[in-house]
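Undergrad: model the structure of this input:
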Amino acid sequence: MIEVKYFGAVAEKTQCTFENVVSSNISLQDLLQDLEEKYKFESLSFSVAVNQKIVSKTTDYALKTSDIVALLPPFAGG
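TA: Okay, the predicted model is just below:
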């Protein structure tokens with residue numbers, strides 16, 4: 001089971017802060033595509049972290065069942 005955590009505008013769009021996705025041998029791109037179809041993120045801008053490390057959305061990253069994926073709002077520097 002993969003845990004997906006939502007923050008900021010993404011959490012507002014999904015109306016939840018996390019969900020568990022039952023899946024095996026899924027890539028990060030496939031997971032993001034499934035979530036896009038389910039929630040219609042459209043023009044929402046967000047970063048993706050896997051196990052607390054920022055990764056590119058276009059990376060062909062193979063997720064494992066214990067992974068935690070976070071969709072994070074854009075960061076502002078200061």
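Undergrad: ok, how many other residues are close to the nearest residue to L44 once chain neighbours are set aside?
TA: Using Cβ to Cβ, 6 or more residues apart in numbering and skipping residues adjacent in sequence, the residue nearest L44 is A9, 5.6 Å away. Backbone N, C-alpha and C define where each C-beta goes, glycine included. Applying other Cβ atoms under 10 Å, we find 15 residues neighbouring A9.
Undergrad: pretty sure A9 sits in a helix.
TA: Yes. Residue state for A9 (DSSP: H, G, I helix; E, B strand; the rest coil) corresponds to a helix.
Undergrad: list the buried residues for stretch 61-69?
TA: For stretch 61-69, the neighbour count (16 or more other Cβ atoms under 10 Å) marks 61, 63, 67, 69 as buried.
Undergrad: quick one: residues contacting the residue nearest to L44.
TA: Listed by Cβ atoms under 8 Å, 6 or more residues apart in numbering, the contact partners of A9 are 44, 46, 73.
Undergrad: distance of the last one from S45?
TA: P73 sits 8 Å away from S45, going by Cβ to Cβ, to the nearest Å.
Undergrad: neighbour count for those two, which is higher?
TA: Using other Cβ under 10 Å, the more surrounded residue of P73 and S45 is P73, with 16 against 10.
Undergrad: what sits closest to the more buried one if chain neighbours are left out?
TA: G8 is the one closest to P73 (Cβ to Cβ, 6+ apart), at 3.0 Å.
Undergrad: verify the stated contact: the one you found with F46.
TA: Yes. Between G8 and F46 there is a contact under Cβ atoms under 8 Å: 7.4 Å.
Undergrad: any residues in contact with both of those two?
TA: By Cβ under 8 Å, 6+ apart, G8 and F46 have these common neighbours: 72-73.
Undergrad: which SS class is the one residue sitting closest to the centre of the chain?
TA: When Cα atoms, centre = their mean is applied to the chain, the residue found nearest the centroid is L71 (4.1 Å). Of the three states, L71 takes strand according to three-state DSSP.
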